[in-house]
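> Below is the sequence, then the predicted model.
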Amino acid sequence: MPGFLIYLIPSLLYALIAVLQFCVKEPEKNWTRFAILPPFLLHGYALYSNLFIETSEGLNFGIGNSISAIVWLIVGIHWMGGFFHNLRAIQAPIAMLAAFCVLLPGIFPSPHFLPHANMLAFKIHLTIGLLAYSLFSIAALQAILMDFIEKRLHSGMPTMLKNLPPLLTMETLLFRVIGAGFILLTLTLFSGVLYSEELFGKPFEFNHKTIFTFISWAIFAMLLGGRHFYGWRGRIAVRSTMTGFVMLLLAYVGSKFVLEVILRR
């Protein structure tokens, strides 16, 4: 598939699904669960063509490819989770996000090759980290939705949100997603600290990326602890989730954006 079309076609399909999802008048129908598969598969093909083919320099993991890969995982996790939980309300925002992010490798084509890409330990570390980011992204979307619903409880709900589960059920799901993401984030940090010299060719060091990641880890640890011991819920859960997610964004996406887009490194 030539040039920019490899990104444009799945982007248009994602956008079409998002628009139809917003306009649908019968939210109980789950047609979009399967309609999202074609753009998801095309998105995966675009990633494979541009990211996962190894060269002598390593994996091409610039900011466009990395964000696109995270969003691709978000779509996949959401699709699989839809068979077990009612996640329909966040499908339109996810499709809109994917419609934009699938274009990023074409918008920011600057290559950034990761060394040590052929090492099994590095591949495991990278995969776990991407999954953690994806789960926390889903948790952030869920938290935003819960906050919106809570504010609209007494002023009328949009049609597509009327068949959602109760807030308590959504809150339980939120903490399950955060719990899974926290385990993966802990494994990511542990593998980075333990194998830093082997993975990255240098001893473990505290830089802005590491500091923001540890801050995010501490926020989510405190939130899960507060939930278990003190029954934290509601707005404190939403605000803590968003704060931890923002710290995670600053740790990875923020640093890559500054280095690759602004400083051109």
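Nice, thanks for sending it over. None of the values given here were measured: they were computed from a predicted structure. Numbers count the residues shown, from 1 in each chain.

> So which elements touch the helix or strand where residue 41 lies?
Following DSSP states H and E, the helix or strand that holds residue 41 is helix 37-50. Contacts defined by 3 or more Cβ pairs under 8 Å, 6 or more residues apart in numbering; DSSP states H and E place helix 37-50 against helix 5-23, helix 63-81. All C-beta spots, glycine's among them, are computed from the backbone N, C-alpha and C.

> Centre of the chain to the longest helix anywhere in the chain, how far?
Ranked by residue count under DSSP state H, the longest helix found in the chain is helix 120-152. Centre-to-centre, helix 120-152 and its host chain are 5 Å apart (Cα atoms, centre = their mean, to the nearest Å).

> Which positions in that helix come out as buried?
122, 125-126, 128-147, 149 (16 or more other Cβ atoms under 10 Å).

> what sits against the residue minimising distance to the centre of the chain?
The chain has residue 134 as the residue nearest its centroid, 2.8 Å off, counting by Cα atoms, centre = their mean. Residue 134 sits next to 70, 73, 74, 77 when contact means Cβ atoms under 8 Å, 6 or more residues apart in numbering.

> distance of residue 35 from residue 206?
From residue 35 over to residue 206 the distance is 46 Å, taken as Cβ to Cβ, to the nearest Å.

> These two: which has the busier surroundings?
Taking other Cβ atoms under 10 Å, residue 35 and residue 206 do not tie; residue 35 has more neighbours (17 against 8).

> number of nearby residues for the nearest residue to that one once chain neighbours are set aside?
Once flanking residues are discounted, residue 35 sits nearest to residue 17: 5.5 Å by Cβ to Cβ, 6 or more residues apart in numbering. Counted with other Cβ under 10 Å, residues neighbouring residue 17 total 23.

> and the closest residue to residue 215 other than its chain neighbours, what does it touch?
Spatial nearest neighbour of residue 215, excluding adjacent residues (Cβ to Cβ, 6+ apart): residue 247 at 4.8 Å. The contact partners of residue 247, taken as Cβ under 8 Å, 6+ apart, are 212, 213, 215, 216, 219.

> check which helix or strand covers residue 247.
Residue 247 belongs to helix 235-249 when assigned by DSSP H and E.

> buried ones in that helix?
Neighbour counts over helix 235-249 (16+ other Cβ under 10 Å) mark 237, 238, 240, 241, 242, 244, 245, 246, 247, 248, 249 as buried.

> separation between the residue nearest to residue 215 and residue 48?
31 Å.

> for residue 228, same thing?
Counting by Cβ to Cβ - residue 228 and residue 48 are separated by 40 Å.

> before we move on, what about residue 174?
Distance, residue 174 to residue 48, using Cβ to Cβ: 32 Å.

> so where's the stretch 151-265 of the chain uncertain?
The stretch 151-265 of the chain contains residues with pLDDT under 70 at 152-165, 195-205, 254-265.

> try 90
Within the stretch 151-265 of the chain, the ranges that satisfy pLDDT under 90 run 151-173, 188-213, 228-237, 248-265.
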